[in-house]
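Visitor: coordinates for the following, if possible.
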Amino acid sequence: MKGFFINFLLLWTVSSCAPSRNISYFTDLQGNGYTEAIQNKPDPEIQPDDLLSISVSSLNPESNVLFNNGVLQTIGGASSAVATPRTNEGYLVDANGAINFPVLGNVSLGGLTKQQATAKITSEIKKSVKNPIVNIRLLNFKITVVGEVNHPSTFTVPSERISVIEALGLAGDLTVYGKRDNILVIREKYNTRSTFRINLGSKDVFKSPAFYLQQNDVVYVEPAKAKALSTNGISYYFTFVSVLISVLSIIAIYPR
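Guide: Predicted structure coming up:
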């Protein structure tokens, strides 16, 4: 009977310990010969609430000022181009996907890529200006990383292109309690919310439509069950000590 209690104590101790965590990435990548064409590289589409920086340049200084939020002043009968300070950092895309652009007025850009939007605005400006050059940047391309990472935060991405691996790097990588095999990506686009699950332990993550993040994506790293044992460590150890004392007491009083 004494041996039974000792075995019970050992079994309870082993089963109560938190299992070891696999914190490796891409465990199914073997050797150096893996090559794969990139098929899911996104070209961000313009959406409501995007903030766009749009600059126009041409050989006509007066047109440059007008299309870059400037005004024309007449001094002594001659017109001169005078740039006025921008009252905002860019053009905010409204709920209908449109912006109010100088001279052109209301221009619908929602659903277009930057390349398509550039071509559209260039085509409109060409009606009055010869050989204009239009540049568009997305100023508020941001992603949010929360959960079991070392530095959860919202990050602005100036390059307008970021993978989930890079996003986790910005957040200081996962903690040891982060579940690497079931990361959640939440995406809102045109009043639709979609979710994706990513397994960082497999090379299949590269094929996921959420491997490259889009503006306003949220990455959530779920904590593993071992985290609960860690956060409730005091209670756990008190329970362990209590059971240990109880078992040892039974062993001590049990007749040999």
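
Visitor: mind checking how far S159 is from G169?
Guide: Summarising the geometry, the distance separating S159 from G169, computed by C-beta to C-beta, to the nearest Å, is 14 Å. C-betas here are computed from N, CA, C, even on glycine.

Visitor: more neighbours, these two?
Guide: G169 (13 against 7; other C-beta atoms under 10 Å).

Visitor: doesn't the more buried one belong to a helix?
Guide: Yes: assessed by DSSP: H, G, I helix; E, B strand; the rest coil, G169 belongs to a helix.

Visitor: dump the residue contacts of the spatially closest residue to T113 that is not a sequence neighbour.
Guide: Leaving out its chain neighbours, the residue that sits closest to T113 by C-beta to C-beta, 6 or more residues apart in numbering is D43, at 4.5 Å. For D43, the contacting residues are T113, K114, Q115, by C-beta atoms under 8 Å, 6 or more residues apart in numbering.

Visitor: give me the three-state assignment for T195.
Guide: Secondary structure of T195, per three-state DSSP, is strand.

Visitor: if you could redo that for I121, that was the one I meant.
Guide: Relying on three-state DSSP, one would call I121 helix.

Visitor: that one and T175, how far apart?
Guide: Distance, I121 to T175, using C-beta to C-beta: 45 Å.

Visitor: tell me which of those two has more neighbours.
Guide: Summary of the neighbour comparison: I121 and T175, criterion other C-beta under 10 Å, with I121 having more neighbours (22 against 16).

Visitor: what's the burial count for the residue lying closest to V185 once chain neighbours are set aside?
Guide: Here the nearest residue to V185 in space, its sequence neighbours aside, is A210; by C-beta to C-beta, 6+ apart that works out to 4.0 Å. Look at A210: counted by other C-beta under 10 Å, it has 23 neighbours.
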